[in-house]
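S.K.: Show me how the following folds:
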Amino acid sequence: MLLRLFSFLVLFVSCGVEVGQPPLEFQLRDIEFTIDSSRWGATGSLSSITCSKDADCVGMESLCSGDCNAFCAQTSVCHVSAEFSLWQEVVAAAQNPELAIYEPEVINITSATVTAVSNTLNPMPDEMSLLVAPRTVVDSQGDQAVPFWTLPVAQLSSSTPLELLDNATNASSTVELQEFLADPNVPFNILAGGRFAVEPGQMFPTGSLTISVSLDAVARR
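M.R.: Coordinates of the predicted model:
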């Protein structure tokens, strides 16, 4: 009986049938973005101009040398929105060569943190998100850029790592990022996008903020 069992196992392996491999844990570290106020080239505060439509605010966007849009707010005064879009290329197998050999079928993100490496930015952005896109997309407003995490802007002033998956919305929206990670040899972009809303009397942003994003994941076959 034992001899038969042994012969069967030899035949099973020799026919090229693979036994299930254990999960492979891996990390992506130090995906950094720097929001520098010099990109807008604007200083001082915003003057108050009354308006009844967006066209009344035309020309105010020239206060910025970067991505700024002027619009008529509900308060009938012109506001300026200063926007930013940053990107970093990611190749999972470059940081984790074992992934290329493992050839994962499923990848699950188990932890994700964002840390303020340095921060002199004032004020902080009104909103900020992380997005994922093919490597050819470098604009967070692009059609193929898919948001997957909302960053806790108010808490980024601290250098303490913040767990992003504690937010229920973030935890349920990781599927887009996991799909890009499914082929670890294919480069893709992670983008950081957001904006500052500048109202009359408010200062344009000054200083800079550098954040670092890291994640832990598990690959399965």
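
S.K.: before we move on, which element is the residue most central in space within the chain in?
M.R.: The residue lying closest to the centre of the chain (CA atoms, centre = their mean) is residue 130, at 2.4 Å. Using DSSP states H and E, residue 130 maps to strand 127-134.

S.K.: that older thread, run through the residues that contact the residue nearest to the centre of the chain.
M.R.: Counting by CB atoms under 8 Å, 6 or more residues apart in numbering, residue 130 touches 147, 148, 149, 151, 190, 191, 192, 213. For glycine as for every other residue, the C-beta is placed from the backbone atoms N, C-alpha and C.

S.K.: Buried among those? Need that as a selection in ChimeraX.
M.R.: One line in ChimeraX is enough to select the buried members of the contacts of residue 130, burial here meaning 16 or more other CB atoms under 10 Å:
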select :148,149,151,190,191,192,213
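
S.K.: Any chance of JSON lines for the contacts of residue 130, columns distance to residue 170?
M.R.: Listed next are the contacts of residue 130 as JSON lines, based on distance: CB to CB, whole Å:
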{"residue": "147", "distance to residue 170": "10"}
{"residue": "148", "distance to residue 170": "8"}
{"residue": "149", "distance to residue 170": "5"}
{"residue": "151", "distance to residue 170": "9"}
{"residue": "190", "distance to residue 170": "14"}
{"residue": "191", "distance to residue 170": "16"}
{"residue": "192", "distance to residue 170": "14"}
{"residue": "213", "distance to residue 170": "12"}
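
S.K.: Which element is encountered next along the chain beyond the strand holding residue 130?
M.R.: strand 146-150.

S.K.: partner strands of that next one, parallel or antiparallel?
M.R.: Sheet pairing of strand 146-150 (DSSP bridges) gives strand 127-134 (antiparallel).

S.K.: Isn't residue 60 up against residue 78?
M.R.: Yes: under the criterion of CB atoms under 8 Å, residue 60 makes contact with residue 78 at 5.5 Å.

S.K.: Which of the two has more residues huddled nearby?
M.R.: Comparing residue 60 with residue 78 by other CB atoms under 10 Å, the one with more neighbours is residue 78, at 25 against 20.

S.K.: pretty sure that one is in contact with residue 51, am I right?
M.R.: Yes: if you go by CB under 8 Å, residue 78 and residue 51 touch, sitting 5.1 Å apart.

S.K.: Which residues are in contact with each of these two?
M.R.: Taking CB under 8 Å, 6+ apart as the contact rule, residue 78 and residue 51 both touch 57, 72.

S.K.: And stretch 129-147, what's buried?
M.R.: Neighbour counts using 16+ other CB under 10 Å place 129, 130, 131, 132, 133, 137, 139, 140, 142, 145, 146 of stretch 129-147 among the buried residues.
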